[in-house]
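*Asks:* Predicted structure and sequence below. I'll ask about it afterward.
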Amino acid sequence: MLFLAVFCGFLAENQLEHKIEKDREKQYMISLLEDLHIDTVELQGEYQLGEQQRAVADTLIEAINNQEPTSDNIKKIYLLSANSTRVVSVGFQNRTSSQLKNSGGMRLFQIPSLAIGKMKKYVMV
């Protein structure tokens, strides 16, 4: 009887551990999706900034090559050059991938290709 009680306790604990790991996997996937959404929004904004800077640079090149060097044109060239030198940079979110890497959480993913192959190249070192 004691053996049966201990065995049933072991099974219950095992089931509870599996449920906890599944819940943790879902939380990590939601967090990864949020990181991806933040990165996508930031990339779109930086892309638009890059497109604006490209248009400013085109206008600057056209002003330098095709306009007479009057004082108004020199001011225009100066302003365009100041506005065309902004650096476009993107900082990617790596909070979830770092947490997964440091805690050994990759083992939680049920799809083996996600845990082993495909995620490794996205984890920031």
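*Replies:* On my side now, so go ahead. Numbering: from 1, shown residues only.

*Asks:* Now stretch 32-41: buried residues?
*Replies:* Across stretch 32-41, burial judged by 16 or more other CB atoms under 10 Å covers L32, D35. Quick note: C-beta positions are derived from backbone N, CA and C, even for glycine.

*Asks:* Can you tell me what sits against it?
*Replies:* Contacts to stretch 32-41, defined as CB atoms under 8 Å, 6 or more residues apart in numbering, come from residues V90, F92, Q93, N94, R95, T96, S97.

*Asks:* Just the strands from this protein, written as ranges.
*Replies:* The residue ranges that make up strands in the chain, judged by DSSP state E, are empty, as it has none.

*Asks:* Mind picking out the helix or strand in it with the poorest mean pLDDT?
*Replies:* Of all regular secondary-structure elements in the chain, judged by mean pLDDT, DSSP states H and E, the least confident is helix 112-113 with a mean of 56.

*Asks:* So for the longest helix along the chain, mean pLDDT?
*Replies:* As far as residue count goes, and with DSSP state H defining each element, the longest helix of the chain is helix 2-66. Taken as a whole, helix 2-66 has a mean pLDDT of 88.

*Asks:* Let the chain start at 181 from now.
*Replies:* From this message on, residue numbering opens at 181, which makes the last subject helix 182-246.

*Asks:* Please tell me how far the closest residue to R275 other than its chain neighbours sits from V221.
*Replies:* Excluding its sequence neighbours, the residue lying closest to R275 (CB to CB, 6 or more residues apart in numbering) is D215, at 6.6 Å. Between D215 and V221 the distance is 11 Å, computed by CB to CB, to the nearest Å.

*Asks:* show me what contacts A243?
*Replies:* With contact taken as CB under 8 Å, 6+ apart, A243 is in contact with N253, K256, I257, L260.

*Asks:* residues contacting the last one?
*Replies:* Listed by CB under 8 Å, 6+ apart, the contact partners of L260 are V236, T239, L240, A243.

*Asks:* Look up phi and psi at E248.
*Replies:* Reported as degrees, to the nearest 10, the phi and psi values for E248 are phi -70, psi 150.
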